[in-house]
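# Just to be clear, the model below is a prediction. Sequence and coordinates:
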Amino acid sequence: MRGLQWFNALSVGAVAVDGLPDSLKVADGMLDGQQVRFIAVVTDPQNRFSRARNGEVGLLEGWGLAKAVDDMIEAGDKRPLIAIVDVPSQAYGRREEALGIHQALAGAADSYARARLAGHPVIGLLVGKAMSGAFLAHGYQANRLIALRDPGVMVHAMGKASAARVTLRSVEELEALAASVPPMAYDIDSFASLGLLWETLTVKQIEQPTADDLERVSACLVQAIKDVQASGRDLSARLGATNRAASSHVRQLLREQW
């Protein structure tokens, strides 16, 4: 519900966008006098796909996100896009696989990337879980990522139980490994050490944002938009962290050899 709460708080007075799945909340509003589009994936107990009823990103959500973003690209007004991220995972199911969830999520990621390259500042606001293919489809292509500081805000390729099974470890062993290997960790500080976060913020009530929380987050969103508008469309800002030194070195060697 965090995604919905923050969407509602940020989009007060905004105009809702119709014609999308009930699991998507999209609205056009104002932020510091500038038009923006707010986008969130939310729970939908009546979703026709049972695997996508708890905020997961599935077939309807992937194609719906692509449409919500594509409409802004076609409008051509370079309006900023605010992706509010609280997604527990992609939707895992036989029907999803048979009907091409990989294409649906790739379509969403592609739309966000094309919007970014077309000059739309894309800002990802992490207020809850940002897991697996769901985060890749909704938020990861953002020019700037902002995370709220809270134990419930987590980033990873999969949940702890699943990661433990894949690595043939217990959850406790996995957590011990994560303490020394940042990419294996779930907490925001470890994720930030990879250079992927532009800013982290502390709020008083992450579940039910206060007026002060809303003001603080809104101001940070405005700063992020201005930073993107001043510095460009690529994701090079993510490569400066100490724990990305090897990535930066590999890219340098590739450029030299190319």
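Structure's in. What do you need?
# how about the helices in this protein?
Secondary structure of the chain (DSSP state H): helices at 2-10, 59-75, 94-98, 101-117, 132-137, 160-166, 171-178, 188-192, 211-231, 245-257.
# tell me the most buried of these?
Comparing the helices of the chain by mean neighbour count (mean count of other CB atoms under 10 Å), helix 132-137 comes out on top with a mean of 25. Every C-beta, even on glycine, is put in place using the N, C-alpha and C of the backbone.
# so which of the helices of the chain gets nearest residue 28?
The closest of the helices of the chain to residue 28 is helix 59-75. By CB to CB, the value is 8.9 Å.
# Just list what that closest one packs against, helices and strands only.
Where contact means 3 or more CB pairs under 8 Å, 6 or more residues apart in numbering; DSSP states H and E, helix 59-75 is packed against strand 24-31, strand 34-41, helix 101-117, helix 132-137.
# just checking, what packs against the shortest one?
Packed against helix 132-137 by the contact rule (3+ CB pairs under 8 Å, 6+ apart) you find helix 59-75, strand 81-87, helix 101-117.
# 10 Å instead?
With contacts taken as 3 or more CB pairs under 10 Å, 6 or more residues apart in numbering; DSSP states H and E, helix 132-137 sits against helix 59-75, strand 81-87, helix 101-117, strand 122-131, strand 154-156.
# One more: the second one?
Counting contacts by 3+ CB pairs under 10 Å, 6+ apart, strand 34-41 is packed against helix 2-10, strand 24-31, helix 59-75, strand 81-87, helix 101-117, strand 122-131, helix 211-231.
# Need the pLDDT of the residue nearest to residue 223 when sequence neighbours are not counted.
The shortest distance from residue 223 to any non-neighbouring residue, by CB to CB, 6 or more residues apart in numbering, is to residue 199 (7.9 Å). Note on residue 199: pLDDT of 94.
# next one: residue 240
The model's pLDDT for residue 240 equals 78.
# which one is it nearest to, not counting chain neighbours?
Nearest to residue 240 is residue 195, by CB to CB, 6+ apart, at 5.5 Å.
# How much space separates the residue nearest to the spatial centre of the chain from residue 94?
With distances taken as CA atoms, centre = their mean, the residue of the chain nearest its centroid is residue 139 (2.4 Å). Plainly put, residue 139 is 26 Å away from residue 94 if you go by CB to CB, to the nearest Å.
# sorry, back to before: okay, the helices of the chain in a markdown table with mean pLDDT and distance to residue 29 next?
A markdown table is the format used below for the helices of the chain (pLDDT from 0 to 100; distance: least, CB to CB, whole Å):
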| stretch | mean pLDDT | distance to residue 29 |
| --- | --- | --- |
| helix 2-10 | 95 | 7 |
| helix 59-75 | 97 | 13 |
| helix 94-98 | 94 | 32 |
| helix 101-117 | 97 | 17 |
| helix 132-137 | 94 | 23 |
| helix 160-166 | 80 | 36 |
| helix 171-178 | 81 | 38 |
| helix 188-192 | 84 | 27 |
| helix 211-231 | 95 | 11 |
| helix 245-257 | 91 | 36 |
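# what about stretch 232-240, start to end distance?
16 Å (CA to CA, to the nearest Å).
# my bad, stretch 234-245
End-to-end for stretch 234-245, by CA to CA: 18 Å.
# i'd like the first residue to be 193 from this point on
Happy to do that; since the first residue is 193 now, the last one works out to stretch 426-437.
# Name the residues of it that are buried.
427, 429-430, 433, 436 (16 or more other CB atoms under 10 Å).
# and the two most separated of the residues you listed?
427 and 433 (12.9 Å).
# Touching both of these two, which residues are there?
residue 388 (CB atoms under 10 Å, 6 or more residues apart in numbering).
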